[in-house]
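> got a structure for you, letters missing:
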């Protein structure tokens, strides 16, 4: 009958070890998940900054194109 008790203790010890391993893995995954969330937040913020910069440059480019068109029109009116 002692063998049965010892076997049960071994099974319980193994089960306890597996539970500890799972809890450790869950903790590690939570930490990794939080790090990835933070990275995503930072990446989105950088993306918004770059999008705003692209828009500003597009508007500046359009303004410069209008200025060039005005200069070309003045030159054409002076020549022709």
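Sure thing, it's come through. Keep in mind that what you see is a predicted model, and the values were worked out from it rather than measured.
> centroid-nearest residue for this structure?
Nearest to the geometric centre of the chain sits residue 40, at 2.3 Å (Cα atoms, centre = their mean).
> okay, that residue and residue 47: tell me how far apart.
Counting by Cβ to Cβ, to the nearest Å, the separation of residue 40 from residue 47 is 10 Å. Glycine gets a C-beta too; all of them are placed from N, C-alpha and C.
> ok, now residue 28?
28 Å.
> now do residue 41
11 Å.
> where do the helices sit along the chain?
Taking DSSP state H to define them, one finds helices in the chain at 2-79.
> low pLDDT regions in it?
For the chain, the stretches with pLDDT under 70 are 1-3.
> make it 80
Within the chain, the segments meeting pLDDT under 80 span 1-5, 80.
> how close does residue 46 sit to residue 32?
From residue 46 to residue 32 the distance is 21 Å (Cβ to Cβ).
> can you check residue 80 too?
70 Å.
> ok, now residue 7?
37 Å.
> and for residue 61?
Residue 61 is 42 Å from residue 32, by Cβ to Cβ.
> could you do residue 73 as well?
61 Å.
> same thing with residue 19?
Taking Cβ to Cβ, one finds residue 19 at 20 Å from residue 32.
> again, but for residue 38
Residue 38 is 11 Å from residue 32, by Cβ to Cβ.
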